[in-house]
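In: Return a 3D structure for these sequence lines:
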Amino acid sequence: MNVYQIVTNRIIEELNKGYIPWQKPWMSMRPQSGAYNRITKRPYSILNQLLLQHEGEYATIRQWNQLGGKIKKGSKAEIVVFWKLQELQKVKENGEVEEKKIPLLRYYRVFHISAVDGVTPISRPEPEEVLGIEAGDKVIREYADREHVIIREECTDEAYYSPSRDQIVIPGKQQYKDIHEFYSTAFHEMVHSTGHKSRLNRDIDCHYGSEVYSKEELIAEIGAAMLMRTKEIDTKQSFQNSTAYIQGWLRQIQQDEKLVVSAAGKAEKAVKYILNIPSEEYD
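Out: Okay, the predicted model is just below:
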């Protein structure tokens, strides 16, 4: 079984249980929130946060052994994926040698600390006091100021991002029964805006119902959920708007084993772009 299929099977398993896997804390600005490597103390990427089933410390068998730990009998490993560049050489008709680097998806196995005897968990710091709504406003304000994106709150029944005008329109705060849904909506459209040709240059000028549109919606939903969790303003209600897409995503995921890997990777780039985070800070 290839790595793409392993990832796909994991997502389908969660969807069939009625879960939306990307509600999990895939990535955090605090090293000890979400899933992270015990040795490096670095949080895993969005895709790996999605794949791993627990928060907290993970490591390979060798790493746990080096710490004096022993894997409990019957414990099952989980996987962490990464890209490895493979160098290939091709001889052209004129005799010149062309070198290419092909990205290949690989994985290794890790165990959560709950599956390990003989190692004491790292004590977590007291959680920082976070003003949820202000935290969301700060993300919106700083992104708009930095990228010169127009973000308009209006009394409207629509939420959308216009690539041609580089403008986001969202219903005003007073229109939401739960204010958290305002931020979920705003973040969704902000992720779309990162696809503008002046930013991450994704194919976002697409028609409703098309395959490209569906994939972009998946990217935006993953990115919005991650932003909500990172800023600690997520609620169960904030994900209700995602449920209408689940069956459609499930069908597409079953047909395209690379869809989740691709969408999660693009969502990760979008979130880091919005938060202005260097990509090298994450495993």
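In: Check whether Ile253 really touches Leu259, as I assumed.
Out: Yes - assessed by Cβ atoms under 8 Å, Ile253 is found in contact with Leu259 at 5.4 Å. Yep, even glycine has a C-beta here, placed from its N, CA and C like the rest.
In: Now do the residue of the chain positioned farthest from its centre against Lys100, distance only.
Out: Ranked by distance from the centre of the chain (Cα atoms, centre = their mean), the top residue is Asn94, with 44.5 Å. Separation of Asn94 from Lys100 (Cβ to Cβ, to the nearest Å) stands at 17 Å.
In: which residues of this protein fall in helices?
Out: Secondary structure of the chain (DSSP state H): helices at 3-16, 46-51, 61-66, 132-147, 179-193, 211-230, 243-255, 259-275.
In: Show the pLDDT at the residue farthest from the centre of the chain.
Out: With respect to pLDDT, Asn94 has a value of 82.
In: follow-up on the earlier one: residues shared between the contacts of Ile253 and Leu259?
Out: Counting by Cβ atoms under 8 Å, 6 or more residues apart in numbering, the shared contacts of Ile253 and Leu259 are Thr8.
In: for this structure, which spans come out with low pLDDT?
Out: 1-2, 4, 15-33, 124-132, 207-209, 236-250, 279-283 (pLDDT under 70).
In: Just list the residues touching Asn170, thanks.
Out: Quick fix: residue 170 reads Ile, not Asn. By Cβ under 8 Å, 6+ apart, the residues touching Ile170 are 151-154, 159, 182, 185-186, 189.
In: nearest spatial neighbour of it, skipping sequence neighbours?
Out: Nearest residue to Ile170 in three dimensions, chain neighbours excluded: Ala159, at 4.7 Å (Cβ to Cβ, 6 or more residues apart in numbering).
In: follow-up on the earlier one: hey, which of the helices of the chain is tucked in deepest?
Out: Of all the helices of the chain, helix 46-51 has the most neighbours on average by mean count of other Cβ atoms under 10 Å, namely a mean of 27.
In: Go through this structure and flag its longest strand.
Out: Across the chain, the longest stretch assigned as strand under DSSP state E is strand 97-112.
In: can you state the direction angle for that one and helix 259-275?
Out: Counting by axes from the mean of the first three to the mean of the last three Cα atoms, to 10 degrees, strand 97-112 lies at 90 degrees to helix 259-275.
In: Can you name every helix or strand that strand 97-112 contacts?
Out: Applying 3 or more Cβ pairs under 8 Å, 6 or more residues apart in numbering; DSSP states H and E, we find strand 97-112 packed against helix 3-16, strand 56-59, helix 61-66, strand 78-91.
In: Would you mind saying which of these lies nearest Ala224?
Out: Among these, the nearest to Ala224 by Cβ to Cβ is helix 3-16 (17.5 Å).
In: what about that closest one, distance to the chain center?
Out: 15 Å (Cα atoms, centre = their mean, to the nearest Å).
In: Quick check: which helices or strands does that helix pack against?
Out: Helix 3-16 sits against helix 46-51, strand 78-91, strand 97-112, helix 243-255, helix 259-275, with contacts defined as 3+ Cβ pairs under 8 Å, 6+ apart.
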